[in-house]
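Q: My questions concern the predicted model and sequence given below.
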Amino acid sequence: MSGKKKLIRFAELSELPNVYQNYNIQEPALTNCNQDEIDLKGKWKEVHFQNDNPITLELACGGGEYTVALAERYPNRNFIGLDIKGARIWKGAKKALDNGLDNLAFCRIRIEQLNYFFGENEIDEIWITFPDPFYKKVRRRLTHPNFLKIYKNVLNENGLVHLKTDDDMLFEFTMETLKEEQLPVIHSDNDIYSKSLYHNDLEVKTYYENKHLRNQKTIKYVKFHF
């Protein structure tokens, strides 16, 4: 994508009613489409969604393929896609508006600042779909213990975390981390398409997953809770 196109999308993103952004990492505040600061921590259901349905987050959602697909499947659940790249989430946010998905929002924030924007026990489920494995930056892996502590704080007592990845190293790291942290694994599989799918939601494929499959990589999955 050209730099000019990214700038156009970034400018348009600030006008979309289903997008909230943090413009300054040093000042953890969200801004809405009217360029007003808005406090949604612990209030997402009441203020944005205006219902009491459970909330699912997709972390590092990119273009939001997974979030959009799940929002279409489950109209009685709320979904929020999170990513730091505005030009990426523009695509998902536009599709959600075009398809009338009022149970879906997007948030441009850094994941390590999750606790600034979501209250304790506010979230019911987290999806991590094909994140960067960060081969040399272990602490940035989204299943590192530092991130797990953040997830535990925002998830309710029955909250679930799903990881879907093509990366052997990240999958092995995650499984070892869960063992060390003594976190219960509900289901794990190092090749989900070699058998009947554990759950129909796993059939949703992102841009990156399709790319990995074309390269004959196997897709791994783990579901766990705290």
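A: Received it, and whenever you're ready, just let me know what you need. Numbering: from 1, shown residues only.
Q: okay, CA-based contacts and neighbour counts for the rest of this
A: Fine.
Q: separation between the closest residue to Lys91 other than its chain neighbours and Ser14?
A: Sequence neighbours aside, Gly63 is the residue nearest to Lys91 in space, at 5.4 Å (criterion: CA to CA, 6 or more residues apart in numbering). Gly63 is 16 Å from Ser14, where distance means CA to CA, to the nearest Å.
Q: what sits against the residue nearest to Lys91?
A: Neighbour list for Gly63: Arg88, Ile89, Trp90, Lys91, Gly92 [criterion: CA atoms under 8 Å, 6 or more residues apart in numbering].
Q: any idea which of these has the most stuff around it?
A: Highest neighbour count within the contacts of Gly63: Ile89, with 28 neighbours (other CA atoms under 10 Å).
Q: Could you tell me the model confidence score at the residue nearest the centre of the chain?
A: For the chain, the residue nearest the mean C-alpha position is Glu58 (1.6 Å; CA atoms, centre = their mean). Looking at Glu58, its pLDDT reads 97.
Q: cool, Gln216 as well?
A: Looking at Gln216, its pLDDT is 88.
Q: what's the closest non-adjacent residue to Phe226?
A: Nearest to Phe226 is Leu183, by CA to CA, 6+ apart, at 5.7 Å.
Q: ok, back up a step: surely the residue nearest to the centre of the chain is in contact with Thr129?
A: Yes. With contact defined as CA atoms under 8 Å, Glu58 and Thr129 form a contacting pair (7.4 Å).
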